[in-house]
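[1] Quick one, structure for this:
(2 chains)
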Amino acid sequence: MTAPITRDQAFLQFLLRMGDNTLILGHRVSEWCGHSPVLEEDIALANTALDLIGQTRFWLGLAGEVEGEGKSADDIAFLRDVWDFRNILLVEVPNGDFGRTLMRQFLFDAWHSIQLGRLMTSSDSRVAGIAEKTSKEVAYHLERSADTVVGLGDGTEESHRRMQEALDYLWPYVGEMFQSDAIDAEMVAAGIAPDPASLRDEYDALIGRILATATLTIPDSSFGHKGGRSGKMHTEHLGHLLTQMQWLQRAYPGANW
Amino acid sequence: MYAQMVQSTGKDVKTTAEMTPQEAAFQARIDAGEKIEPKDWMPPAYRKTLIRQIGQHAHSEIVGQLPEGNWITRAPTLERKAILLAKVQDEAGHGLYLYCAAETLGVSRDDLTEMLLDGRMKYSSIFNYPTLNWSDIGAVGWLVDGAAIINQVPLQRTSFGPYARAMVRVCKEESFHARQGFDAIRKMAEGTPAQKKMAQDSVNRLWFPALMMFGPPDKDSVHSEQSMAWRIKMNTNDELRQKFVDQTVPQIEFLGLDLPDPGTKWNEERGHYDYTDPDWSEFFDVIKGNGPCNVDRLAARNKAWDDGKWVRDGLLAHARKKAAAKVAAE
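    Below you'll find the predicted structure:
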């Protein structure tokens, strides 16, 4: 039996879930730098990655504060191992082609925008403040990723096929965003964050509308991979990502950069 | 300097007597400091030279994303990662303004891209050198963008309006890049022995390639005179290179790093630093495609373009469908 979770512990886990999502997705998106299909996309992808890394600094900075052990956002980002990460699996899967990257972005942005909308009324003013600041950026991310998904889904035969393949591949990673556990129950009780399951209807309506316009078909399966937001089982990909991201901090401990 | 060895007419500059009345009137406007705008008459060779120069400059911004992008996923802190992302995003934005400026001369961005990808157009030699340690990111901002600024500040007064205006914006952003680069390398130079070693390694490796950015020595520079008469080029290669050396040597000393060129010496009489010339045979090798990264850089750009074809085609097809639906609805 594990001991019941305290409110502070739950709050810390919640903040790690928010910050690790933006950190890992920001890293993945930044891998595109200089390699995207057209110059405007290079700019947009760098901009999205930049926003996500900026948001990470807010969430993980607050996580360090709540934990109270003097850790900075950098300590949390660069000095934890795979099992400490609390991001959903969706954000750590490799980029694949541009279609998969943008489909993943859309599936995440749709959740992210709804989540931040709810967090703006959080009982914790720091959480509400971060949600307020970041929701404007995320509204733009969603607008752009949705437009791109529609453009490519309803583009050529090839672009349609690739977008459908991307959706089929990523769909099993969507469900994890809406799974609730004891940490979420504690956050709901404290009025800090909504129950993840409560976001699902709005999410389904939003993505249903966009994906229909994109002439894409949502797979007829409710199966969902899980293990990221609990930290119980990440994909094999996360370790490689961290190897690269954390290398300098690990190889030269204690240096000031 | 992001444009090197841009070929102009290949001939001597015409005297006023040799010019047609139209050419003479054009030259008079330039001499009076007037801006030439896209719809104005211009000699075909002026147009051609500018397309080459602006195109090369734009390509440099685009290829320049690669050596810096090489470190985004390994940046050591969230702040450094954010700064680097912002910088690379700016470079892509510079590419965009410059391609737009070139397009006002009647060439399309796709045409220019094709010419870069099949090797008909060049980009700055500097981006054919690798970024091997984190300190290189500081050094690129400080030395490479620093050298670019020295070239581009005078280009704010260049004769072609769209290019001059693009340079005003580019220079503001480049100055910020150079400052952040210096700040990044300063942290390294003042850091642990390992960090200081990285900083010294960067300066040693990038110093001569940075000097090469200004192009060959004036005595071997065959394209300058006509470009200077047209105010497309404002200073000679050696003038700009000297300015860079004079500005940068005290900065290296301030950082407490060893000067990468043992031949660096203050020359009281000239009021400038003497320095050792870069190995120009290496420069010409890089220009010919034999630099350490030429093949990989072009391969990366070609792969991005080829892999992205379905995306460009898909978005275009969708835009056409939307436009057709709109027309049908009207």
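[2] which SSE is A:Arg104 in?
    helix A:98-119 (DSSP states H and E).
[3] okay, that helix in PDB with CA atoms only?
    Extracted C-alpha coordinates of helix A:98-119, given in PDB (Å, rounded to 0.1, in the frame of the first residue of the first chain):
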ATOM      1  CA  PHE A  98       5.800  16.900 -41.000                       C
ATOM      2  CA  GLY A  99       2.300  15.600 -41.100                       C
ATOM      3  CA  ARG A 100       2.700  13.600 -38.000                       C
ATOM      4  CA  THR A 101       4.400  16.500 -36.200                       C
ATOM      5  CA  LEU A 102       1.600  18.900 -37.000                       C
ATOM      6  CA  MET A 103      -1.100  16.300 -36.200                       C
ATOM      7  CA  ARG A 104       0.500  15.700 -32.800                       C
ATOM      8  CA  GLN A 105       0.700  19.400 -32.300                       C
ATOM      9  CA  PHE A 106      -3.000  19.800 -33.100                       C
ATOM     10  CA  LEU A 107      -4.100  16.900 -30.900                       C
ATOM     11  CA  PHE A 108      -2.000  18.500 -28.000                       C
ATOM     12  CA  ASP A 109      -3.000  22.100 -28.700                       C
ATOM     13  CA  ALA A 110      -6.700  21.300 -28.600                       C
ATOM     14  CA  TRP A 111      -6.300  19.700 -25.100                       C
ATOM     15  CA  HIS A 112      -3.800  22.400 -24.000                       C
ATOM     16  CA  SER A 113      -6.100  25.300 -24.900                       C
ATOM     17  CA  ILE A 114      -9.100  23.800 -23.100                       C
ATOM     18  CA  GLN A 115      -7.000  22.900 -20.100                       C
ATOM     19  CA  LEU A 116      -5.500  26.400 -19.800                       C
ATOM     20  CA  GLY A 117      -9.000  27.900 -20.200                       C
ATOM     21  CA  ARG A 118     -10.000  26.000 -17.100                       C
ATOM     22  CA  LEU A 119      -6.800  26.800 -15.200                       C
END
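[4] what's the spacing between that helix and its chain's center?
    Offset of helix A:98-119 from its chain centre (C-alpha atoms, centre = their mean, to the nearest Å): 7 Å.
[5] can you pull the buried residues of it?
    A:98-117, A:119 (16 or more other C-beta atoms under 10 Å in any protein chain shown). From N, CA and C alone the C-beta is placed, and that goes for glycine too.
[6] Leaving aside the residues adjacent along the chain, what's closest to the residue in chain A that chain B sits nearest to?
    Chain A approaches chain B most closely through A:Pro37 (2.3 Å), counting by C-beta to the nearest C-beta. Closest residue to A:Pro37 in three dimensions, ignoring its sequence neighbours and counting by C-beta to C-beta, 6 or more residues apart in numbering or on different chains: B:Gly308, at 2.3 Å.
[7] What count of nearby residues applies to the one you found?
    17 (other C-beta atoms under 10 Å in any protein chain shown).
[8] One more: the one 10 residues further on?
    Neighbours of B:His318 under the rule other C-beta under 10 Å: 22.
[9] show me what contacts whatever residue of chain B ends up closest to chain A?
    Among the residues of chain B, B:Gly308 lies closest to chain A, at 2.3 Å counting by C-beta to the nearest C-beta. By C-beta atoms under 8 Å, 6 or more residues apart in numbering or on different chains, the contact set of B:Gly308 is A:Ser36, A:Pro37, A:Val38, A:Glu41, A:Phe98.
[10] Repeat that for A:Gly208.
    When contacts are taken as C-beta under 8 Å, 6+ apart, A:Gly208 is in contact with A:Ile218.
[11] Let me know whether B:Glu23 touches B:Thr15 as I believe.
    No: applying C-beta atoms under 8 Å as the test, B:Glu23 and B:Thr15 come out as separate, 10.9 Å apart.
[12] With neighbour numbers in mind, choose between those two.
    Legend: neighbour count by other C-beta under 10 Å for B:Glu23 and B:Thr15, higher for B:Glu23 (17 against 8).
[13] Could I get the pLDDT score of the more buried one?
    What the model reports as pLDDT for B:Glu23 is 94.
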